[in-house]
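Colleague: What follows is a predicted structure for the sequence shown.
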Amino acid sequence: MTTPSPESRAALLAVARAVPDPELPVLTLGDLGVIRDLRVAGDGAVEVDLTPTYTGCPATAVIADDVRDALREAGADQVRIRTVLAPAWTTDWMSEAGRRKLREFGISPPGPAGGPVKLTFSVRCPHCGSADTREVSHFGSTPCKALWTCRSCAEPFDSFKAL
Amino acid sequence: MSSIQPLAGYALALGDDALILTQRLGEWVAHAPQIEEDVALANIALDLLGQARTLLSYAGQVEGAGRDEDDLAYLRDDRDFRNVQLTEIPNGDFAVTMARQLVFSAYQYELYTALESSGDATLAGLAGKAVKEVAYHRDHATQWVLRLGDGTDLSHARMQAGLDQVWPYTEELFDPADPASQLPGIAADPAALRPAWHAYVTAVLTEATCQEPEPGWRSRGGRDGLHTEYLGHLLAEMQHLHRSHPGVTW
């Protein structure tokens, strides 16, 4: 398949969306919602619109490489990755499956975004399910996570920040 | 640099603010009072670096002279940088850094909010994304100013001293400056950002039981390439590797 037909768009999109996130391999890029579009251009190249989670997220370059590799393996000879900033990525685009996988992985999934940052909603401990938790720091091991700790089971945990 | 196209110059000025503060915040890593703050300040710096990369790349693209983000970050001398002096002053103690973070993140919050409706698609796209990151930076600084200001006698005194040290550099953020004034509908008018900025920071200072300083002098000229002696030292560290080994990759 040197020149993918428009019909193969859906199949290629599925390939791109199935690529695991390099920092959180339990999530696919589809779960994360960062693959915004995919087209087969006039010259036969596959064009992917990718949106970064955070402007400085170092995983963005790795994600672009991984998508390129996966599409090439699926038969697309020429792949172009476009970085699109608008509309800005939001954690509201994360799939239900993604939220469930995060919880199983020990990371509390993001609450609803929108509005200015006010973390007043309760974050449940992914280990014991308690809502008696507190934020230790807004910032964690990657730009997308905050550090929390559970008062019930005393375990620290990461929470995916609403953005 | 004086003849640089206005849009390129504007992107460069905003990008330089973000880049220079990134470098300053990076100095805290492994030196902050808590490991959580090492992580927090590094994360904030990382967000700013992402914004700087977008803005410097765009400046180079608009300029059309073949300079990329690395050329602009590593191969300019201090007089060619367009950042406000606030971003280049030394970190001081943690309270000085938090005072600067409050001032700068509250300014950037208003700046990016205004730029979301810029007529320039790249600036508007970046602003829509960055404003959400900066909301976290502003909240982080706010929590610390409240905690230190409304804490013990010692923490209060040091927070107030931090604010006093930073305040002479605040007005420069809102000076009418080229090239912003040459880009109606695209750039944000710096002076128009001041009322909302001032309302936010004074509310925080009041709750923190701190006084808004009334400094007897103020900085000027960063947007015209006039800098403190500190910028040259900062650039020497930031640019050293790139200039010692031109074109090196690993």
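Modeller: Right, received. Where do you want to start?
Colleague: tell me the secondary structure for residue A:23?
Modeller: Under DSSP: H, G, I helix; E, B strand; the rest coil, the three-state class of residue A:23 is coil.
Colleague: quick one: contacts for it?
Modeller: Residue A:23 is in contact with A:59, A:142, counting by C-beta atoms under 8 Å, 6 or more residues apart in numbering or on different chains. All C-beta atoms are positioned from the backbone trio N, CA, C, and that covers glycine.
Colleague: how much space between it and residue A:53?
Modeller: Look at residue A:23 and residue A:53: by C-beta to C-beta, to the nearest Å, they are 9 Å apart.
Colleague: okay, and the common contacts of these two?
Modeller: residue A:59.
Colleague: Quick one: low-confidence residue ranges for chain B.
Modeller: B:1-3 (pLDDT under 70).
Colleague: got the contact list for stretch B:200-219?
Modeller: Under C-beta under 8 Å, 6+ apart, the answer for stretch B:200-219 is B:84-86, B:102-103, B:106, B:109-110, B:138, B:142, B:145-146, B:148-150, B:156, B:159-160, B:163-164, B:167-172, B:228.
Colleague: Which members of those residues are classed as buried?
Modeller: B:84-86, B:102-103, B:106, B:109-110, B:138, B:142, B:145-146, B:148-149, B:156, B:159-160, B:163-164, B:167-170, B:172, B:228 (16 or more other C-beta atoms under 10 Å in any protein chain shown).
Colleague: wait, is residue A:147 part of a helix?
Modeller: No - per three-state DSSP, residue A:147 lies outside any helix segment and is strand.
Colleague: got the contact list for the closest residue to chain A within chain B?
Modeller: For chain B and chain A, the shortest gap (C-beta to the nearest C-beta) falls at residue B:50, measuring 2.6 Å. Shown in contact with residue B:50 (C-beta under 8 Å, 6+ apart): A:52, A:54-57, B:133.
Colleague: What helix or strand is it located in?
Modeller: Element membership for residue B:50, per DSSP states H and E: helix B:35-63.
Colleague: Following element in sequence after that helix, please.
Modeller: Following helix B:35-63 in sequence order, the next helix or strand is helix B:69-74 (DSSP H and E).
Colleague: Give me the contact list for that following helix.
Modeller: B:12, B:15, B:19, B:52-53, B:56-57, B:59-60, B:238-239, B:242-243.
Colleague: Buried residues, that helix. List them.
Modeller: Of all the residues in helix B:69-74, those buried under the rule 16+ other C-beta under 10 Å are B:69, B:72-73.
Colleague: Ok, stretch A:74-81 next?
Modeller: Result for stretch A:74-81 [16+ other C-beta under 10 Å]: buried residues A:74, A:76, A:78-79, A:81.
Colleague: quick one, what contacts residue A:160?
Modeller: A:91, A:94, A:102, A:107-110, A:144-145.
Colleague: let's see 10 Å
Modeller: A:24, A:27, A:32, A:53, A:91, A:94, A:98-99, A:102-103, A:107-111, A:123, A:140, A:142, A:144-146 (C-beta atoms under 10 Å, 6 or more residues apart in numbering or on different chains).
Colleague: and chain B, which of those contact it?
Modeller: A:53, A:91, A:140, A:142, A:144-146 (C-beta under 10 Å from any C-beta of the partner chain).
Colleague: Setting aside sequence neighbours, what's the nearest residue to residue 156?
Modeller: In the absence of a named chain, chain A is used. residue A:149 (4.7 Å; C-beta to C-beta, 6 or more residues apart in numbering or on different chains).
Colleague: looking at chain B here, not the other one
Modeller: Closest to residue B:156 by C-beta to C-beta, 6+ apart is residue B:149, at 5.8 Å.
Colleague: ok, now which ones touch that neighbour?
Modeller: B:95, B:98-99, B:155-160, B:162-163, B:204-211.
Colleague: please redo it, this time with the cut-off set to 7 Å
Modeller: When contacts are counted by C-beta atoms under 7 Å, 6 or more residues apart in numbering or on different chains, residue B:149 touches B:156, B:159, B:208-210.
Colleague: with these in mind, which one is nearest to residue A:159?
Modeller: residue B:208 (26.5 Å; C-beta to C-beta).
Colleague: separation between residue B:93 and residue B:38?
Modeller: For residue B:93 relative to residue B:38 (C-beta to C-beta), the value is 15 Å.
Colleague: let me fix that: residue A:153
Modeller: 26 Å.
Colleague: what's the answer for residue B:248, then?
Modeller: 28 Å.
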